[in-house]
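K.L.:
Fold the following and give me the result.
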Amino acid sequence: MAAMQINNTQFQQWMQEGKTILVDYWAPWCGYCRRIGPAYDKIAEEYGDRLVVAKVNIDEEPQLTEAQGVEVIPTLILYKDGKAVSRVVAPKSKAAIDQFLQEGL
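P.N.:
Numbering: from 1, shown residues only. Just a heads-up that it's a prediction; the model follows:
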């Protein structure tokens, strides 16, 4: 299963429920975002039973993006129990995302 595109309402609901969420803040015009996308979808397949793997289009959700302090894309943020616990900017590979998750989970 690929990562799901979410909006602010879904994000807020999951945060209130205290779910573990990995969010990729991205934009369709961002070449690097598109390049890392297939690796992120593989992460969704592998980790989907342990956490919610989602994407937020910064052009469609500017308030959420700003509220989370995202200034550079792609930025991946891991949330646990309603709080951001770690982030990585422009991960180089799937292996880098795996390592980020191993450290955060």
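
K.L.:
Nearest residue to the middle of the chain?
P.N.:
Val23 (1.6 Å; Cα atoms, centre = their mean).

K.L.:
That one contacts Ile58, doesn't it?
P.N.:
No - Val23 is beyond contact range of Ile58, at 11.0 Å (criterion: Cβ atoms under 8 Å). Any C-beta I mention is one placed from the backbone N, CA and C, and that applies to glycine too.

K.L.:
on that earlier part again, name the SS class of the residue nearest to the centre of the chain, please.
P.N.:
What DSSP: H, G, I helix; E, B strand; the rest coil gives for Val23 is strand.

K.L.:
Report pLDDT for it.
P.N.:
Val23 is assigned a predicted lDDT (pLDDT) of 98.

K.L.:
Residues in a beta bridge with it, which ones?
P.N.:
Counting by DSSP bridges, Val23 is bridged to Ala54, Ile77.

K.L.:
Tell me the spacing between the nearest residue to Gly82 once chain neighbours are set aside and Glu46.
P.N.:
Distances taken as Cβ to Cβ, 6 or more residues apart in numbering put Met15 closest to Gly82, at 4.8 Å, once the chain neighbours are dropped. Distance, Met15 to Glu46, using Cβ to Cβ, to the nearest Å: 23 Å.

K.L.:
before we move on, back to that, and the residue nearest to Gly82, its phi and psi?
P.N.:
phi -60, psi -40 (degrees, to the nearest 10).

K.L.:
so it touches Asp81, yeah?
P.N.:
No - with contact defined as Cβ under 8 Å, Met15 and Asp81 do not form a contacting pair (9.1 Å).

K.L.:
of the two, who's got more company?
P.N.:
Higher neighbour count among Met15 and Asp81: Met15, with 15 against 10, using other Cβ atoms under 10 Å.
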